[in-house]
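Chemist: predicted coordinates and the sequence they were generated for:
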Amino acid sequence: MTKRQMVRVATVSLVAVTVGLAQDERNTNRVNTDTHFAAPTFRSLGEWEMRKKALREQILLSAGLTPMPAKSPLHAQVFGRSDRDGYSIEKVLLETLPGYYLGGNLYRPAASKGKHPGILIAHGHWEYGRLENQELNSTPKQGITMARQGYVVFAYDMTGYNDTVQTPHEFGGGREQLWSFGPLALQLWNSIRALDFLLSQEDIDADRVGITGASGGGTQTLLLTAVDDRIRFSAPVNMVSAIMQGGCVCENAPFLRRGTNNVEIAAMAAPRPMILISGPQDWTKNVAQEEYPAIRKLYEFYGKSENVSNSVVNAPHNYNRESREHVYRFLGRHVLGVDDVNSLREKDEIEVEKLQDMLVLHDRTLPAGALDYAGLFEAWRTWSQAAAAEEHDPQVLRHRLSLTLGAEWPEEVQSEEIQSEEVQVQPNGQELILSRKGRHDRIPAAWFPGHGRAVLLLYPEASEAARQTGQFQTLRKEGRPVLVIDAYQTGRAVEPVDRSLPHWLAFNASDDAARVQDVLTALAYLRKKAGAPVELLGLKKSAVWALFAAALAPADLVFSPQLGTFSGKDEDFIRDFFAPGIQKAGGVESALRILNGRTPRQSTESPDLRVGIRN
């Protein structure tokens, strides 16, 4: 603090506290996929279970699977059976969404009598996908070995690999992000439908079904286990880490890891059996000392610490034979009930089929009606719009919007009164910094006391420009109390921030989503200071910030939005209010439905300030 600055700090209850003039933590705490995260800690099983429920909601919403799409018939095509020594291989094509197809291979024990445990194999970013066969990874050898051990195994594609070719592997721009349409969305949905297919097999024991995968396949293993309780055991390989969260867009949908990371997501498997494979030559180098003990503590809440294990393999990033054999032994103990688990080894010589003989679409084409990329995206938008339109419960809609935007009604707001030679305070005005307690965000604001109902006036060019508007002048002539703010990255709140860091939006809110939070924080401050109800008025494109903040705020808010030409189309959001997932959550229509469900108060003062929504 300089000699020229004097700061008086208070909570909204006007109790003095000490807060320094720091930068906004949203700019200085630049969380990304290479951040070193602290291990999660919880005080009780109940606390962890609440967190796990919230994480599941976050994962599904980020993946565009809230609400869950209808499970249309898979129209499974299983053909091309090859009988080999102790196992068989078949080709599989599944219609996981109408017009969208997933390819894979089904490995079965030769003596397929009775019920067998089932396992999904999700491959990583290997050149040949599920058909990779080399020293560091071989899905075919794993499928063959596990089938010989008595499992029914389904190895399936990532998007853009092998037979799953209707999209590239990495895709999606701003418009797709509005609808939560991306490779992670399709891959998690394909994993759910692959599990549906596996469980539909007559020879599967539904109580013994699991998933394994390495690298990007390890990410799919974590996510499916986290959101689907039908998975009873899992083996994520060389992926669970506190220092790297995944290097591909298929692992990092917007807001997937906002406030979380792979260690916490992996722990959602508890108390189900899980083995972590790690190694000193990649980002899992600390697992034995850091990540595994943290996860094991959560298993201890259930009294099931024996259900989680870690094996270290000194090799480059892999799912090699040694790693696979650790998995065989762990699952042999927990799933097969084998006494001598050391007998569960791969044969030295395994004959693998030719790649083309394993491909579903070798000398074949996709079925009639298969969608191209544009058709699939349009179908996703259509399904999403229909699902959003079917939801009429304002509380459900409000919850989805809150999670999508990462915005909350704060429990407590701190205020700092600032007097500085650099700040030109208007007569009777008071310069402030607002902050949510414990969050360390910083919102410059100016408060002008008066009489009557207090107004939060928003302007996209921030508080100084807001004071020059006719609306502000009218309110002050009426003697109304007014609060104006510099919302995130506007006016005095502009700070440098490096958004080029890896997968920024997977961990951080967009600027516009952060502005909605600032509006809520300012409303909470104003409501406590001036009494309820307060009035919210947003001008120009800040009217969109106001709309979504009003939808998330308590009902005793006087609000008549002025959206002008903003009608809620994709191009409107990209231009004026970019927030990933906002269209999937219902966009403008959901916000209006929330407000209409509350029968919000309408402003009766300053009628010239009231403009209805123009759709």
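Modeler: Yes, it's here. Numbers count the residues shown, from 1 in each chain.

Chemist: quick check: end-to-end length of stretch 477-489?
Modeler: Taking C-alpha to C-alpha, to the nearest Å, the first and last residues of stretch 477-489 lie 30 Å apart.

Chemist: run the chain-centre distance for that stretch.
Modeler: 34 Å (C-alpha atoms, centre = their mean, to the nearest Å).

Chemist: repeat that for stretch 309-316.
Modeler: Distance of stretch 309-316 from its chain centroid, counting by C-alpha atoms, centre = their mean, is 28 Å.

Chemist: buried sites along it?
Modeler: Neighbour-count burial for stretch 309-316, counted by 16 or more other C-beta atoms under 10 Å, picks out 309, 310, 311, 312, 313, 315. Any C-beta I mention is one placed from the backbone N, CA and C, and that applies to glycine too.

Chemist: next: stretch 36-51.
Modeler: Residues of stretch 36-51 classed as buried: 37, 39, 40, 42, 48, 51 (neighbour count, 16+ other C-beta under 10 Å).

Chemist: for stretch 320-337, same thing?
Modeler: Neighbour counts over stretch 320-337 (16+ other C-beta under 10 Å) mark 320-321, 323-336 as buried.

Chemist: now stretch 530-541
Modeler: Neighbour counts over stretch 530-541 (16+ other C-beta under 10 Å) mark 530, 533, 534, 535, 536, 537, 538, 539, 540, 541 as buried.

Chemist: residues touching the residue of the chain most remote from its centre, list them.
Modeler: The C-alpha centroid of the chain is most remote from residue 477, which lies 46.6 Å away (C-alpha atoms, centre = their mean). Not one residue lies near residue 477 by C-beta atoms under 8 Å, 6 or more residues apart in numbering.

Chemist: what score does it have for pLDDT?
Modeler: For residue 477, the model assigns a pLDDT of 96.

Chemist: distance of it from residue 470?
Modeler: Counting by C-beta to C-beta, to the nearest Å, the gap from residue 477 to residue 470 is 10 Å.

Chemist: now residue 290
Modeler: For residue 290, the distance to residue 470 - C-beta to C-beta - is 58 Å.

Chemist: the more surrounded of the two?
Modeler: Neighbour totals were compared for residue 290 and residue 470, and residue 290 leads with 18 against 10 (other C-beta atoms under 10 Å).

Chemist: distance check, the more buried one against residue 62.
Modeler: As for residue 290, its distance to residue 62 is 25 Å (criterion: C-beta to C-beta).

Chemist: check residue 220 too.
Modeler: Taken as C-beta to C-beta, the span from residue 220 to residue 62 is 14 Å.

Chemist: likewise residue 296?
Modeler: Distance from residue 296 to residue 62, by C-beta to C-beta: 27 Å.

Chemist: among the two, which residue is more densely surrounded?
Modeler: residue 62 (28 against 19).

Chemist: select the longest helix from the chain.
Modeler: Secondary structure of the chain per DSSP state H: the longest helix is helix 511-530.

Chemist: buried residues of it, list them for me.
Modeler: For helix 511-530, the neighbour count (16+ other C-beta under 10 Å) marks 511-530 as buried.

Chemist: go on, stretch 160-175?
Modeler: Of the residues in stretch 160-175, 160, 161, 162, 163, 164, 165, 166, 167, 169, 171, 172 count as buried by neighbour count, 16+ other C-beta under 10 Å.

Chemist: confidence score at the spatially closest residue to the second one that is not a sequence neighbour?
Modeler: When the adjacent residues along the chain are set aside, residue 161 lies closest to residue 129, with 3.6 Å between them (C-beta to C-beta, 6 or more residues apart in numbering). Listed pLDDT for residue 129 reads 98.

Chemist: can you tell me how far residue 129 is from residue 267?
Modeler: Distance from residue 129 to residue 267, by C-beta to C-beta: 28 Å.

Chemist: residue 504 now?
Modeler: Residue 504 is 25 Å from residue 267, where distance means C-beta to C-beta.

Chemist: residue 214 too?
Modeler: As for residue 214, its distance to residue 267 is 19 Å (criterion: C-beta to C-beta).

Chemist: what does residue 452 give?
Modeler: 52 Å.

Chemist: of the two, who's got more company?
Modeler: A side-by-side neighbour count of residue 452 and residue 267, using other C-beta under 10 Å, places residue 267 first with 27 against 13.

Chemist: so the more buried one makes contact with residue 295?
Modeler: Yes: in this structure, residue 267 is within contact of residue 295 by C-beta atoms under 8 Å, at 4.7 Å.

Chemist: low-confidence regions, the stretch 1-150 of the chain specifically.
Modeler: Along the stretch 1-150 of the chain, segments meeting pLDDT under 70 span 1-22, 112.

Chemist: now the helices for it?
Modeler: Counting by DSSP state H, counting those that start in this stretch, residue ranges of the helices within the stretch 1-150 of the chain are 25-28, 45-62, 139-149.

Chemist: residue 405 contacts residue 519, correct?
Modeler: No: in terms of C-beta under 8 Å, residue 405 does not count as a neighbour of residue 519; the distance is 10.8 Å.

Chemist: nearest spatial neighbour of residue 307, skipping sequence neighbours?
Modeler: residue 273 (4.6 Å).

Chemist: before we move on, what about residue 371?
Modeler: The shortest distance from residue 371 to any non-neighbouring residue, by C-beta to C-beta, 6+ apart, is to residue 99 (3.9 Å).

Chemist: for the residue nearest the centre of the chain, what are its contacts?
Modeler: Here the mean C-alpha position of the chain is nearest to the C-alpha of residue 256 (C-alpha atoms, centre = their mean), at a distance of 1.9 Å. If you count contacts by C-beta under 8 Å, 6+ apart, residue 256 has them with 58, 59, 62, 63, 184, 506.
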